[in-house]
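>>> Return atomic coordinates for the entry below.
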Amino acid sequence: MSRGLRNNNPLNIRINSDKFQGEIIPSRDKAFKQFESMAYGYRAAFVTLGTYLSKYGRNTIRKIITAWAPPEDNNDTIAYINAVSKYSGISPDHVLTAQDGVLYKLIVAEMSRVENGQRAQFVDVEAGFKLQNKITGK
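Next up is the predicted model:
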């Protein structure tokens, strides 16, 4: 089982000062957050992407993943962008808005696939989406 799945953190959010609903504190993983359930892990991903959109204007797959998995951290960012775009069916430069909930669910599900090497359970993605108040808020 991948680290992201073991930690109920499907997008592998690193430990930082942000605190999320359902987060296990302290994390038993020294580098990555842990969550009580996969739904809370997905919720944290949606909240983070909402911040990416509202605060930083990261409104395309290319902009999101370039920040999420930057090349300077030894990531193959281009391959990550291409995989999420291909699997989601969304162009890497399609401009997203806060109203694009369905598209965000697809993008998060496919980011989870890249992070964990297997398809996301969409029921968990949907549960995480429902847990968050709105795509642009905490």
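
>>> where exactly do the helices run in the chain?
All helices of the chain, identified by DSSP state H, fall at 3-6, 38-56, 61-68, 77-88, 101-116, 122-131.

>>> tell me the pLDDT at the residue nearest the centre of the chain?
The centroid of the chain falls nearest to Ala45 when counting by C-alpha atoms, centre = their mean (3.8 Å). We have a pLDDT of 96 for Ala45.

>>> Please name the spatially closest residue to it (chain neighbours excluded).
Nearest non-adjacent residue to Ala45, counting by C-beta to C-beta, 6 or more residues apart in numbering: Leu11, 4.4 Å away. Backbone N, C-alpha and C define where each C-beta goes, glycine included.

>>> so that neighbour makes contact with Gly4?
Yes: applying C-beta atoms under 8 Å, one finds Leu11 in contact with Gly4, separated by 6.9 Å.

>>> And the nearest residue to Tyr42 once chain neighbours are set aside, what's its pLDDT?
Using C-beta to C-beta, 6+ apart and skipping residues adjacent in sequence, the residue nearest Tyr42 is Gly128, 2.4 Å away. Listed pLDDT for Gly128 reads 96.

>>> Over to the one 10 residues further on?
pLDDT, Lys138: 42.

>>> same deal with Pro71?
So, for Pro71, pLDDT stands at 94.

>>> how close does the closest residue to it other than its chain neighbours sit to Pro92?
What sits nearest to Pro71 in space, not counting adjacent residues and going by C-beta to C-beta, 6+ apart, is Thr77, at 4.6 Å. Separation of Thr77 from Pro92 (C-beta to C-beta, to the nearest Å): 11 Å.

>>> just Ile25 next, same as before
35 Å.

>>> what does Phe32 give?
26 Å.
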